[in-house]
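Enquirer: Compute the structure for the input listed below.
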Amino acid sequence: MELIITTLFGMEALVSKEVKKLGYEVTEVADGRVTFLGDESAIARCNLWIRCGERILIKMGEKKVTTFDELFDFTKSLPWKNWIGKNDSFPVKGYSLKSKLFSVPGCQSVIKKAIVRSLEGAYHQSYFPESGVLYQVEFSLMKDVLTLMIDTSGQPLHKRGYRRNSNQAPLKETIAAAIVTLSRFRYDGVFADPFSGSGTIPIEAGLIAKNIAPGLNRDFSAMYFPQIPKKIWRDAKTEAKSLIRNDSKLKILASDIDPNAVALTTHNAKLSGTFDFMEISQKDVADFNPPYPEGTIVCNPPYGERLLDEEACRLLYKQMGQVFRKKLPGWSAFILTPEEKFEDYYGKFSDKKRKLYNGMIKCNLFQYFPNK
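Expert: Numbers count the residues shown, from 1 in each chain. The predicted model follows:
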């Protein structure tokens, strides 16, 4: 079947690599999604292993539609009975962008009615109690092209299960995993985040270094789909557990000026299984001076509501430049921020810059490599 992984903008290439690493054929990479071919085991394995994607969805069908009649007829023609039982729940949600059918509530209503009509013909009943298994139907209308899908993840994939508590402006686990992956840190080296917050970046680094599947300790909607045998999920989890590495020599330095953040990082690291890598401390970035000649810094420094004003941000970025460039010339630094003038305040142009979105916030990942 065709499966779709939705992504934040800028993450498509990373997710495509993840899918290929799992052994599946990618058929399309588009803005905000990666489409690939897989079977029932792919649903289980991708939900467990995808670090940088948001959801795994079953693609039911795709077609250009410009009227509600076309929307109804195409939706009704799809084999919904292959998934949705006579007692199951099938709410509809989605979005429409640059399409003639711009009313999302209108599209939801028509799609729901069409699915009901399809199931009426399949089950010869007119009433559906919707008290059984949840099959969340999702639709996207982009430039009049309709895609209909069934969500297999339930909670989005960034909900790993280890972050029971977070600070005021937490970074999504999926984007944290992305910037950690892009840093290409050494699994036997030193990794640091001097703005650890609730610990998301250092924890994602630890999960990658230990090869812990990010979804290993949570449930997914498709675990309750009768079409996917329980054995597939058991086998996928057994495989994931067997692949955990316990021999990594990675050292993670996680620090923050806020004592509450230090406590959060400690708590969440213990829940995630990465605490054994961590050296966690309360420290101002001005005092960040680890006794190692080389390493990798990955951080998302405070901005916006996490600081009092723009002037405080500018002073912080200037301070970061002084510490990272002068005290740690052998280190690389990967800094995610929405501040377009970051390089001016930091005092050096980045060696590389990559656009990423933290939710709806446009950010840049400024990449600095060691001084030669």
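
Enquirer: Can you tell me the element Glu138 falls in?
Expert: In this assignment (DSSP states H and E), Glu138 forms part of strand 137-142.

Enquirer: Whichever helix or strand comes after that strand - contacts with which helices or strands?
Expert: Using DSSP H and E, the helix or strand that follows strand 137-142 towards the C-terminus is strand 145-151. Contact here means 3 or more CB pairs under 8 Å, 6 or more residues apart in numbering; DSSP states H and E; on that basis strand 145-151 packs against strand 55-64, helix 68-77, strand 137-142. The C-beta positions use only the backbone N, C-alpha and C, and glycine is treated the same way.

Enquirer: And the strands in the protein?
Expert: With DSSP state E applied, the chain shows strands at 2-6, 25-30, 33-37, 55-64, 92-97, 137-142, 145-151, 190-193, 251-256, 278-282, 295-299, 331-337, 352-358, 361-368, listed in chain order.

Enquirer: Show me this structure divided up by domain.
Expert: 2-151, 173-212+237-368 (automatic domain parsing).

Enquirer: State the mean pLDDT of the longest one.
Expert: Mean pLDDT, taken over the full extent of domain 173-212+237-368, equals 93.

Enquirer: need the contact list for the closest residue to Ser140 other than its chain neighbours.
Expert: By the measure of CB to CB, 6 or more residues apart in numbering, the closest residue to Ser140 outside its immediate chain neighbours is Thr147, 4.8 Å from it. Remark: with contacts taken as CB atoms under 8 Å, 6 or more residues apart in numbering, Thr147 is in contact with 4, 59, 61-62, 139-140.

Enquirer: Which residue of the protein lies farthest from its centroid?
Expert: Distance to the chain centre peaks in the chain at His124, reaching 40.7 Å (criterion: CA atoms, centre = their mean).

Enquirer: what's the distance between that one and Val116?
Expert: Counting by CB to CB, to the nearest Å, the gap between His124 and Val116 amounts to 13 Å.

Enquirer: Likewise for Lys76?
Expert: Taken as CB to CB, the spacing of Lys76 relative to Val116 amounts to 9 Å.

Enquirer: Looking at those two, which is more packed in?
Expert: Lys76 (19 against 16; other CB atoms under 10 Å).

Enquirer: what's the neighbour count on the closest residue to that one other than its chain neighbours?
Expert: If you skip the residues right next to it in sequence, Lys76 has Ala114 as its closest partner in space, 4.2 Å away by CB to CB, 6+ apart. Counted by other CB under 10 Å, the residues lying close to Ala114 total 22.

Enquirer: Tell me who's in contact with Ala114.
Expert: Neighbour list for Ala114: 71-73, 75-76 [criterion: CB under 8 Å, 6+ apart].

Enquirer: do the same with Trp233
Expert: If a contact means CB under 8 Å, 6+ apart, then Trp233 has 44, 223 as its contacts.

Enquirer: cool, Phe275 as well?
Expert: Phe275 makes contact with 266, 269, according to CB under 8 Å, 6+ apart.

Enquirer: Apply 10 Å and report the result again.
Expert: Contacts were defined as CB atoms under 10 Å, 6 or more residues apart in numbering; by that measure Phe275 touches 199, 203, 206, 252, 265-269.

Enquirer: Highest neighbour count among these?
Expert: Gly199 (36 neighbours).

Enquirer: how far away is the nearest residue to that residue once chain neighbours are set aside from Gly359?
Expert: Of all residues beyond its chain neighbours, the one nearest Gly199 is Thr265 (3.4 Å), with distances taken as CB to CB, 6+ apart. Note on Thr265: its distance to Gly359, by CB to CB, is 21 Å.

Enquirer: now swap in Met278 and tell me
Expert: If you measure Met278 against Gly359 using CB to CB, the figure is 26 Å.

Enquirer: And for Leu157?
Expert: Here the criterion is CB to CB. By it, Leu157 lies 14 Å from Gly359.

Enquirer: Compare the two (neighbour count), which wins?
Expert: Between Leu157 and Gly359, counted using other CB under 10 Å, Leu157 has the larger neighbour count: 29 against 10.

Enquirer: these two touch, right, the more buried one and Met11?
Expert: No: counting by CB atoms under 10 Å, Leu157 sits too far from Met11 to count as a contact (11.4 Å).

Enquirer: Overlap of the contact sets of these two?
Expert: Shared contacts of Leu157 and Met11, defined by CB under 10 Å, 6+ apart, comprise 5, 51-54, 174, 177.

Enquirer: Asn364 against Tyr303, yeah?
Expert: No: counting by CB under 10 Å, Tyr303 is not a contact partner of Asn364; they are 11.9 Å apart.

Enquirer: and for these two, which residues touch both?
Expert: Counting by CB under 10 Å, 6+ apart, the shared contacts of Asn364 and Tyr303 are 336-339, 342.

Enquirer: who's the residue nearest to Ser140 bridged to?
Expert: Beta-bridge pairing of Thr147, defined through DSSP bridges, involves Glu62, Ser140.

Enquirer: Many thanks, have a good one.
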